[in-house]
Structure formats: structure tokens, C-alpha cells
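> Could you work out the structure for the sequence below:
(one chain, ligands or ions: 1)
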Amino acid sequence: MDTPVVGRFAPSPSGRMHLGNLFSALLAWLSARSAGGRMLLRIEDLDPDRCRREFALQLMDDLRWLGLDWDGTPVWQSERTALYADAFSRLEGRGLLYPCFCTRAQRLAASAPHRDNGEPVYDGRCSRLSPAEQEVLSALRRPAWRLRVPDREIAFTDLCRGPYQENLLRDCGDFILRRSDGVYAYQLAVVVDDALSGVTEVVRGSDLLSSTPRQRYLQELLGFPAPRYAHVPLLLSPGGRRLSKRDGDLDMGALRARFSPEELTGRLARLAGLQETNAPVSPRALAGRFSWEMVPRADIVVQPETFG
Ligand code: GLU
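Alright, predicted model coming up:
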């Protein structure tokens, strides 16, 4: 028998949700619910500088308004530091981590851009420090902690994007699991949480496609099962820029003032290839006809008049 599907939304409460976040959330919900699966909500509020509780409460209200429900009580990452600390020490105990004293400027100087996302590929310079050098630097600043990565390909097949692979050493470099201010990195937290919540399916924006090999590697090291992945198209403005919190006219405040939940879902469903017109529809009704084959792979340019 197939394992029951467990999907999740994992928003970061760093501002009001916008159309792009809602598009990913709708597809995550449809994928899980159309398979009769469970849907979980996790608030990714690890970064105290960027995240606010009011934004989290607001995004729950926005999801409910559209008709995207979830099972059980939401998980707040800010309350789960002990779990990340535990995974971190397991890796540290195996000698897989090392302290990195590079400043931001040094990190940028020590790197080439990542093939897909432009993030810096770290050259591993702090992995070559001697214990004496580490001691000197420790007196000057608190280090971040990096995971050593292997020189091998990590491959998987994405439900939406198809085959994807990356050599972690070449394409990403040793990556940070704990920041110098002590905050655990997204890559570690997401892997621990998905595994401990029994998530079988991760649906999220394709900006995170290139994070997945890092997450697969961490799952391997920590002995966690690998979920299935679907990285959905990003929504772009006509100029080709990714929609973001800066596009205030497409944030949920503005959208809720203009549309009913069904009208907005109808427009999103058309962008997602699930219907040919903008006809109003509920997420529940769409779940009856959802299939990944209908969803486009390439990013989608949103014409402002569709949501104006
Ligand atoms: N919290 C991340 C975001 O809002 C998503 C993380 C994930 O889905 O793995 O971009």
C-alpha cells in the first residue's frame, strides 16, 4: 500500500503574503488534498531580525480566507531550537562540521557564484585552519559552523521540474548550519522538521530547487527518509523580475480587497494550467481535477490586468 501523503506549507513570516506565496501554497495544498493526504503548517520564524508574530497570524488568516486549511496545530520553528541543536551535535560529533570565521566580505571574496541561484560557492578556506589559528580567531569573533560536503553528484527527480542534480562541492561548497549569531540555518531546520513531522511531499517555489541537494545530503547524514519534491514556477512581473513583497499591489491585503476567494483561486488556477479561464472556483473543487502534468515548468509572467 502507498504511504499516505503528508504535505506542508512552510512560510516565513517576514511580511504580508503575496500572490507568489499564495500560488505555491495553493499547489502544495492541492497536491496533498487531491491525494487524500494531510497538510501541515510550519511557521519558519527562526530569524528574529526578519520574522514577526503578527505576520504569522496574518498569513494564517490569509490561507484560511482562501480555503487552504491544515491539520493539527501549526509548528513554530522558534520553539524548536533544542531539536536543531541535537541534530547539529550529532553532525559535529562525527567531525563533519568546522567553524568558519570569515566575515561577509571575506565570504564573498572567497567564492564563485553558484551555477543556478547566484549564491556564493564557498572555497572551504576555514576548513584548512590549524587548531592554533582557530584559537586566535575565536578570541576575535564568534564563528559560523559549516558542513563539509562531498565531491559527488546528488540527483533527484522533481515532480514538476524533472531530473535535477548538483555536485555539492563544485556547485555549492561547504554550507552554513549555524550562523555566527547562533541562529540555526534554514537548511538544517527544514530537514529536521520535515522528517520529525513525517512530511512525504515538499511543494515550494523553484527558487528553492538548488537548496534541495543540500537537504538531501543532510537527510542522508541524519538517517531521515527523503520526501518527494515539486518545485513550482515562480510568478514574475512583466519585466521578468520575481514578484515579491515589494509588489504591494499584489499582496494579500490588496488582493482580498479586490476579489472573493473563489475569484482569486480561479485566476491562480488558470496560471497553474488547471483551467482555461479565470472562472471562479474553490480550492476544494480544484482538488478533484488536480494533476502535476497540468502545471507548467517554466516561470510565469503575470499580466497586471489579470489581478488589477
Ligand atoms: N520558508 C521558506 C520560504 O518562505 C520555504 C521553505 C520551504 O518550503 O522549504 O521561502
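> Close to the ligand: what parts of the stretch 201-308 of the chain are there?
Within the stretch 201-308 of the chain, the positions near the ligand by C-beta under 6 Å from any ligand atom are 204, 208. For every residue, glycine as well, the C-beta is placed using N, CA and C.
> from the stretch 201-308 of the chain, which residue is nearest to the ligand?
Using C-beta to the nearest ligand atom, residue 204 is the residue of the stretch 201-308 of the chain that sits closest to the ligand, at 3.6 Å.
> tell me which element the nearest residue to that residue once chain neighbours are set aside falls in.
Nearest in space to residue 204, with sequence neighbours left out and distances taken as C-beta to C-beta, 6 or more residues apart in numbering, is residue 24 at 5.7 Å. Secondary structure assignment for residue 24, by DSSP states H and E: helix 19-34.
> what packs against the next helix or strand along the chain from that helix?
Using DSSP H and E, the helix or strand that follows helix 19-34 towards the C-terminus is strand 38-43. In terms of contacts (3 or more C-beta pairs under 8 Å, 6 or more residues apart in numbering; DSSP states H and E), strand 38-43 is packed against strand 6-9, helix 19-34, helix 53-66, strand 75-76.
> how about a markdown table for the ones you listed, with mean neighbour count, distance to the ligand and mean pLDDT added?
Formatted as a markdown table, the helices and strands packed on strand 38-43 follow (neighbours: other C-beta atoms under 10 Å; distance: least, C-beta to the nearest ligand atom, whole Å; pLDDT from 0 to 100):
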| stretch | mean neighbour count | distance to the ligand | mean pLDDT |
| --- | --- | --- | --- |
| strand 6-9 | 24 | 7 | 98 |
| helix 19-34 | 24 | 7 | 97 |
| helix 53-66 | 17 | 10 | 98 |
| strand 75-76 | 17 | 12 | 98 |
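> For these, could you give me JSON lines that also reports distance to residue 185?
Converted to JSON lines, those look like this (distance: least, C-beta to C-beta, whole Å):
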{"stretch": "strand 6-9", "distance to residue 185": "19"}
{"stretch": "helix 19-34", "distance to residue 185": "21"}
{"stretch": "helix 53-66", "distance to residue 185": "20"}
{"stretch": "strand 75-76", "distance to residue 185": "17"}
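> where does this structure dip in pLDDT?
1-2, 110-111, 113-116, 245, 248 (pLDDT under 70).
> quick revisit: residue 195: which of the helices and strands packed on strand 38-43 is closest?
When the helices and strands packed on strand 38-43 are compared by C-beta to C-beta, strand 6-9 sits nearest residue 195, at 11.1 Å.
> which stretches of the chain form helices?
Ranges of helices within the chain are 19-34, 53-66, 81-93, 104-109, 131-140, 168-171, 186-196, 212-222, 252-258, 261-271, 283-287, 304-307, based on DSSP state H.
> now, of those, which is deepest in the fold?
helix 19-34 (a mean of 24; mean count of other C-beta atoms under 10 Å).
> Show me how far that helix is from its chain's centre.
In terms of C-alpha atoms, centre = their mean, to the nearest Å, the centre of helix 19-34 is set 13 Å apart from its chain centre.
> Residue 179: how many residues sit nearby?
15 (other C-beta atoms under 10 Å).
> State the distance from it to residue 145.
Look at residue 179 and residue 145: by C-beta to C-beta, to the nearest Å, they are 8 Å apart.
> which residues touch the residue nearest to residue 5 when sequence neighbours are not counted?
Among residues not flanking residue 5 along the chain, residue 37 sits closest, at 2.9 Å (C-beta to C-beta, 6+ apart). By C-beta atoms under 8 Å, 6 or more residues apart in numbering, the residues touching residue 37 are 4-7, 31, 200-201.
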